[in-house]
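Colleague: Take this sequence and fold it.
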Amino acid sequence: MTPQGEFVTVFRSGDPDADAQAAAARERLASAGLAAVVVGDDAPGVVVGTREVRVPAEEAARAEELLAASEPVPEDEFQVTDTSHDLDLLPVFSSQNRDAEMEANAVAGILEASGISAVVVGSPQIPVVPFEVRVPRVRLEEARRVIVEAREAGSEGAEEAESQTEPGAESEETV
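Modeller: Purely as a prediction, here's the structure:
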């Protein structure tokens, strides 16, 4: 048998299921006739929490080919689309009058009731800074539409919506 010093690592995993992954890799190599061993983090040079599969140095190239051929290619694992800009918060409403905070909270409430997350930004202690309502970039156009519809409905629409949410309120239907 080849001394341990002449073995090279052909597989390494630090995943939570590293033991199972290393055992499966060793089995694939052993079934091909290679002398593979699993080495834990108690061995010198193995990072804590990882498992390695090692083979004799002269079998390394064949072992790597076998492992590469048998591993499923993760679906777009390294081609992750960065959607973080879709979540950027953009202003959909801004006001700086004396009722700005109340208006911003009302607009945010309308948006939240429509299923659109909204954040109110502003400070009553700094009156020169306007109050804004911000929504995720991907919901901006929808939020604008909801605000326009709410303005068009006016106070009558608000009273109707409120009456529908009151406990025991019955909706009026015409036949």
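Colleague: List the neighbouring strands of the helix or strand where residue 8 lies plus their orientation.
Modeller: Element membership of residue 8 [criterion: DSSP states H and E] is strand 7-13. As defined by DSSP bridges, the strand partners of strand 7-13 come to strand 51-56 (antiparallel).
Colleague: Give the other helices and strands that whichever helix or strand comes after the strand it pairs with contacts.
Modeller: Later in the chain than strand 51-56, the nearest helix or strand by DSSP H and E is helix 60-70. Helix 60-70 sits against strand 7-13, helix 18-31, with contacts defined as 3 or more C-beta pairs under 8 Å, 6 or more residues apart in numbering; DSSP states H and E. Where C-beta positions appear, they are placed from N, C-alpha and C, glycine not excepted.
Colleague: Looking at those, which one is packed in the most?
Modeller: Most buried of those, by mean neighbour count (mean count of other C-beta atoms under 10 Å): strand 7-13, with a mean of 19.
Colleague: That one vs helix 18-31, what angle?
Modeller: Calculated by axes from the mean of the first three to the mean of the last three C-alpha atoms, to 10 degrees, strand 7-13 forms an angle of 130 degrees with helix 18-31.
Colleague: Kindly reformat the helices and strands packed on helix 60-70 as CSV containing distance to residue 128 and mean pLDDT.
Modeller: CSV is the format used below for the helices and strands packed on helix 60-70 (distance: least, C-beta to C-beta, whole Å; pLDDT from 0 to 100):
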stretch, distance to residue 128, mean pLDDT
strand 7-13, 57, 89
helix 18-31, 57, 91
